[in-house]
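Undergrad: got a structure for you, letters missing:
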């Protein structure tokens with residue numbers, strides 16, 4: 001038989017253990033809630049679905065190329081239709097920068113076929129070789145937080161913007177490099193959506209290398225890298241469509257930080273200016289920026 005004091009001592013000890021256990025559980029829950037970032041609410045279910053149900057697809061070394069090419073087609077096609085209909089769509093036509101230059105079906109088909117040819121003959125074999133040299137890493141189990149994804153995408157875009165600015169500037173300053181590598185992209189004075197990837201083999205492979213390696217350099221999550229490809233492709237297509245829509249990024253991003261369609265359209269008209277693909281700070285810092293006169297559009301003689 002236990003004495004009253006022994007019973008009370010044992011009972012109190014048991015109660016203390018129970019209370020401690022409950023407090024431990026509560027602290028673990030609070031700790032879990034504190035560490036449960038926005039990715040668990042917004043991105044983790046999406047990432048789990050992608051990772052568990054489409055693992056073989058997203059693990060393929062061809063997946064980033066597939067994203068880039070499908071994004072290029074998806075974003076370019078609506079503007080191609082708008083171009084072909086022209087004045088029949090007055091709502092859009094009024095925003096066209098160079099109204100006197102309208103691409104034809106033949107011109108578009110030639111441009112697109114040349115892009116597809118380079119993907120098949122050069123890009124895909126390069127991916128095959130790269131898959132042996134640098135095999136794909138296992139997929140993360142954790143999704144990035146929304147903040148991680150946003151900062152990663154912005155970081156990749158800013159890095160690419162700097163890389164391409166220097167590359168672009170050098171190729172315009174050096175006559176040999178311009179003629180042998182970059183002049184191919186300037187076949188059209190008035191760009192249209194399909195000209196976004198109308199690049200020489202060297203330029204296409206260089207851009208593809210940066211797109212593939214920049215997320216690795218910045219230690220980005222694969223989901224961040226894929227998102228960057230989609231957003232970067234949209235920004236590139238928008239810069240070549242030849243339409244300055246009210247909802248274009250240069251009209252949304254404040255303080256003139258983004259060049260957009262007007263800046264790049266001006267670059268195709270006056271090639272020794274506006275070298276940055278997206279943002280405007282490098283052109284302003286280096287003195288290569290030319291502002292676009294919205295009332296008077298520069299038109300030069302040349303192919304289309």
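TA: Right, received. Where do you want to start? Note that the coordinates shown come from a computational prediction; the quantities given were computed from them, not determined experimentally.
Undergrad: Name the SS class of residue 167, please.
TA: helix (DSSP: H, G, I helix; E, B strand; the rest coil).
Undergrad: Pull out the buried positions in the helix or strand harbouring residue 47.
TA: The secondary structure element spanning residue 47 is helix 44-53 (assigned by DSSP states H and E). By 16 or more other CB atoms under 10 Å, the buried positions in helix 44-53 come out as 44, 47, 50-51. Placement of C-beta: from N, CA and C, glycine included.
Undergrad: now stretch 248-255
TA: When burial is assessed from 16+ other CB under 10 Å, stretch 248-255 yields the following buried residues: 248-250.
Undergrad: same thing with stretch 259-270?
TA: When neighbours are counted by 16+ other CB under 10 Å, the buried residues of stretch 259-270 are found to be 259-269.
Undergrad: Tell me which residues are up against it.
TA: Around stretch 259-270, the neighbours that count as contacts under CB atoms under 8 Å, 6 or more residues apart in numbering are 97-98, 186, 188-191, 238-245, 248-251, 273-280, 283, 289-290, 292, 294, 297-300.
Undergrad: Give me the buried entries from the residues you listed.
TA: For the contacts of stretch 259-270, burial is judged from neighbour counts taken by 16+ other CB under 10 Å, and it is met by 97-98, 186, 188-191, 238-245, 248-250, 273-280, 283, 289, 292, 297.
Undergrad: which SS state does residue 100 fall under?
TA: With three-state DSSP as the basis, residue 100 sits in coil.
Undergrad: With residue 245 instead?
TA: Looking at residue 245 with three-state DSSP, the answer is coil.
Undergrad: Identify the residues contacting it.
TA: Listed by CB under 8 Å, 6+ apart, the contact set of residue 245 reads 92, 95, 251, 261.
Undergrad: hmm, try it at 7 Å
TA: For residue 245, the contacting residues are residue 95, by CB atoms under 7 Å, 6 or more residues apart in numbering.
Undergrad: Quick check: phi and psi at it.
TA: In terms of degrees, to the nearest 10, the main-chain angles of residue 245 are phi -70, psi 150.
Undergrad: how close does it get to residue 97?
TA: As for residue 245, its distance to residue 97 is 11 Å (criterion: CB to CB, to the nearest Å).
Undergrad: picking that back up, let's have the buried residues of stretch 248-255 in JSON lines, adding distance to residue 199, pLDDT and secondary structure.
TA: Converted to JSON lines, these look like this (distance: CB to CB, whole Å; pLDDT from 0 to 100; DSSP: H, G, I helix; E, B strand; the rest coil):
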{"residue": "248", "distance to residue 199": "22", "pLDDT": "94", "secondary structure": "coil"}
{"residue": "249", "distance to residue 199": "21", "pLDDT": "95", "secondary structure": "helix"}
{"residue": "250", "distance to residue 199": "22", "pLDDT": "93", "secondary structure": "helix"}
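Undergrad: from the residues you listed, which is closest to residue 140?
TA: Here the nearest of those to residue 140, counting by CB to CB, is residue 249; it sits at 29.6 Å.
Undergrad: how about low-confidence regions in this structure?
TA: Along the chain, segments meeting pLDDT under 70 span 1-40, 292-304.
Undergrad: let's go with 80 and repeat that
TA: Across the chain, the ranges flagged by pLDDT under 80 are 1-41, 134-137, 291-304.
Undergrad: Quick check, central residue of it?
TA: Centroid-nearest residue in the chain, with CA atoms, centre = their mean: residue 232, separated by 2.3 Å.
Undergrad: Reduced to three states, what does that one come out as?
TA: At residue 232, secondary structure determined by three-state DSSP is helix.
Undergrad: Work out for me the element the closest residue to it other than its chain neighbours sits within.
TA: If the residues on either side of it in the chain are set aside, residue 232 comes closest to residue 157, at 6.2 Å by CB to CB, 6 or more residues apart in numbering. When elements are defined using DSSP H and E, residue 157 is found to belong to helix 146-173.
Undergrad: before we move on, the earlier item: give the next helix or strand downstream of the helix holding residue 47.
TA: For helix 44-53, the succeeding helix or strand toward the C-terminus, using DSSP H and E, is helix 55-58.
Undergrad: Any chance you could list what contacts that next one?
TA: Taking CB under 7 Å, 6+ apart as the criterion, the residues outside helix 55-58 that touch it are 50, 63, 139.
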